[in-house]
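Student: I would like to see how this sequence folds:
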Amino acid sequence: MLIYPQLTTGALTQYGVVKMRQERTIQNTLADGSVITAADPAGSAVHWGLHYTSLSDTERQTLEQFFSAAEGTLNGFTFLDPSANLLAWSEDLSNAVWSAGPQLALTGGIQAPRGGASAWQLSNTSGGNQGLTQVLNVPVIYTYTFSVYLRATEATSATLLLGSASAAVTVASAWKRYQIAGSGNATETYVTVGVNLPAGAVVSLFGPQAEAQQTASVYQTSTNGGVYQNARLESDCLTVTTTGVNRHSATVKILYYANNL
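Tutor: Numbers count the residues shown, from 1 in each chain. Below is the predicted model of the structure:
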């Protein structure tokens, strides 16, 4: 499937992103005149407006080639929401989207750095490394950042994972946000992100986040994640305005239906 392109900066878009969620409600009028109202999740949709300025000639050509390959509104593509956490269930590490080592104990209800009890405690009870990871079905050639808040009552080490890259960090008693940037493993068709803990380590974790850019933005809670398969362009043409030498402006509108029509 086609993939919506990143800019040469490693970002998917520029500031000024517009995102709108559309919901649908169904009403059924019964014979006695009473009305039953229910939400229709299959009828929901998400719209994005991506506004670009000062695009280079190369970036303009990339967008034009993408529009041509998509044939306007005809073909679907994979779109990574630039305003969302790509990870699913960022505050429910017991969900099946997360893969934990067999001897990594997870305990919820831990005090989080921004208040509430949405952090988790990870305890490695084995004699070797144990990891907590999530697989993202995203292009491996893109630039990503994985970030997470960690703390430990007793100082310990941890390793951040992103594709084939890793970064060793020292976890102290105060909450601190750690991050790693890079691309996926070229031999795979997905990107794995997560944390590895050494034998005996006990660490509190909050706010895992993955983004298709070179550095972390403000943490956002996620459930379904920001990876949209079979998104569509809302227009059959791309209008580009040239504002100077090697400088172009454009707006791209994207639509995703929950039922993937």
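Student: poorly predicted segments of the protein, please.
Tutor: Applying pLDDT under 70 to the chain flags residues 24, 39-43, 260-261.
Student: let me know the outermost residue of it.
Tutor: Centroid-distance maximum for the chain: residue 32 at 47.5 Å, with CA atoms, centre = their mean.
Student: phi, psi of it?
Tutor: Residue 32 has phi and psi values of phi -90, psi 10 when expressed as degrees, to the nearest 10.
Student: can you list the domains in the chain?
Tutor: Domain assignment of the chain by automatic domain parsing yields the ranges 2-83+226-257, 98-211.
Student: distance between the last one and the chain's centre?
Tutor: When you say that, I think you mean domain 98-211. In this view, domain 98-211 has its centroid 15 Å away from the chain centroid, taken as CA atoms, centre = their mean, to the nearest Å.
Student: first-to-last residue distance for that domain?
Tutor: End-to-end distance for domain 98-211: 17 Å, by CA to CA, to the nearest Å.
Student: what's the answer for the first one, then?
Tutor: Domain 2-83+226-257 has an end-to-end distance of 17 Å (criterion: CA to CA).
Student: what's near enough to touch residue 207?
Tutor: Residues in contact with residue 207 (CB atoms under 8 Å, 6 or more residues apart in numbering) are 90, 91, 112, 113, 147, 148, 149, 177, 219. Yep, even glycine has a C-beta here, placed from its N, CA and C like the rest.
Student: now swap in residue 201 and tell me
Tutor: 122, 123, 124, 152, 156, 157, 158.
Student: between those, which is closest to residue 185?
Tutor: Taking CB to CB as the measure, residue 185 lies nearest residue 158 of the contacts of residue 201, at 20.5 Å.
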